[in-house]
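Asker: Structure for the following, please:
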Amino acid sequence: MSTATSVPAEAGPAEAGPARTVPAEAGPARTVPAMLALTEDGPGRYLVTQPAEPAEGRDVVFSGQLLGQTIMAAAASAPGKEVRAVHAIFARAGTYTKPIVLEVDPMHAGRTWASDTVTAVQDGRLLCRSLVLLHTAEPDLMRHAPPMPAEVPPPDQLEDGPGQVFPGGKLRPVPGERTADGVPLHLVWHRFPGPLGPQAAHQAVLTWSTCGVIIGLAMRPHRDTVKIEEAHLKLSTGVIGHSIHFVEPLDATRWHLVVTEGTQAAGGRIYGSGSVFTEDGRLVATFQQDAMAKAAEHTLDPRRSM
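Answerer: The predicted structure is shown next:
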């Protein structure tokens, strides 16, 4: 698998000069996990770091990886601002065996707001394109937010469990199968036990954990007829669009409750959403996802198929 330190020369323009690692504005490189370190490859171009192990055990680049790296690239392009929102569309699946380049195209940069389009390209083909909104925080004019769900055991009363999490991160699932008006819910505590550096890295690490739950969660009420174990074999599934809004600064090295709902399933599609709260109940992020889930026309190759 390729990494940002061993990308073939043909992946970038020769005139760009020697590549240099750019973790993000205002953060020492040593505190940024290697997965989030970007290698500058010319103006507005960054080579990403590929993981040592595939996130889902398949040769399909995980959506949470590209979103996290997109956040890092956008933050690097807008010094002094933080990412407020990312809206991504995944056009085709990427592979871990070839370099991925992020191309940042600024739309606007003012004193308070900035916006970029960030495009992930591999072998000359577009994988994903994101609209990224950045801002500088300002004083409250007013303030309100929804409460955290009630009767949730704190993380120190729970055990570490499995799930889709940034490499090195910790998850502590809340036991039981909760629902809200018949809609399935999934609650899990999340933290990364180590320094992360700039706010963009905290956002990127948290974003990873919001991407991999919704498809399986939406199948839960239908487990008698639809099984997540058949995904990429008899079922064609995959994330098509994902958005996340960061409504408050966050510290991903502390516990956060990620509340996900499989809101709707119909027509071969799934829509889900969620919210992220600090341990003391403060809302810090919300997210939404559009995904595909349909019967495959033929048996699929689980290593590469959606």
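Asker: show me the residues around Glu56 that make contact.
Answerer: Counting by CB atoms under 8 Å, 6 or more residues apart in numbering, Glu56 makes contact with Phe62, Gln164, Gly212. (Glycine included, C-beta is placed from N, CA and C.)
Asker: where does stretch 238-246 sit relative to the chain's centre, distance-wise?
Answerer: With CA atoms, centre = their mean, to the nearest Å as the basis, stretch 238-246 stands 8 Å off its chain's centre.
Asker: The stretch 151-300 of the chain: strands as residue ranges?
Answerer: For the stretch 151-300 of the chain, the strands defined by DSSP state E, counting those that start in this stretch cover 170-173, 179-180, 183-191, 235-246, 256-266, 269-278, 283-295.
Asker: what's next to the second one, contact-wise?
Answerer: When contacts are defined by CB under 8 Å, 6+ apart, strand 179-180 is touched by residues Leu185, Glu261.
Asker: Tell me which strands it pairs with, and in which orientation.
Answerer: Applying DSSP bridges to the sheet, strand 179-180 is found paired with strand 183-191 (antiparallel).
Asker: that older thread, may I see the strands of the stretch 151-300 of the chain organised as JSON lines, with mean pLDDT, distance to Glu151 and mean neighbour count added?
Answerer: Output for these, formatted as JSON lines (pLDDT from 0 to 100; distance: least, CB to CB, whole Å; neighbours: other CB atoms under 10 Å):
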{"stretch": "strand 170-173", "mean pLDDT": "97", "distance to Glu151": "15", "mean neighbour count": "18"}
{"stretch": "strand 179-180", "mean pLDDT": "94", "distance to Glu151": "13", "mean neighbour count": "12"}
{"stretch": "strand 183-191", "mean pLDDT": "97", "distance to Glu151": "11", "mean neighbour count": "21"}
{"stretch": "strand 235-246", "mean pLDDT": "92", "distance to Glu151": "26", "mean neighbour count": "20"}
{"stretch": "strand 256-266", "mean pLDDT": "97", "distance to Glu151": "12", "mean neighbour count": "20"}
{"stretch": "strand 269-278", "mean pLDDT": "98", "distance to Glu151": "14", "mean neighbour count": "21"}
{"stretch": "strand 283-295", "mean pLDDT": "94", "distance to Glu151": "18", "mean neighbour count": "19"}
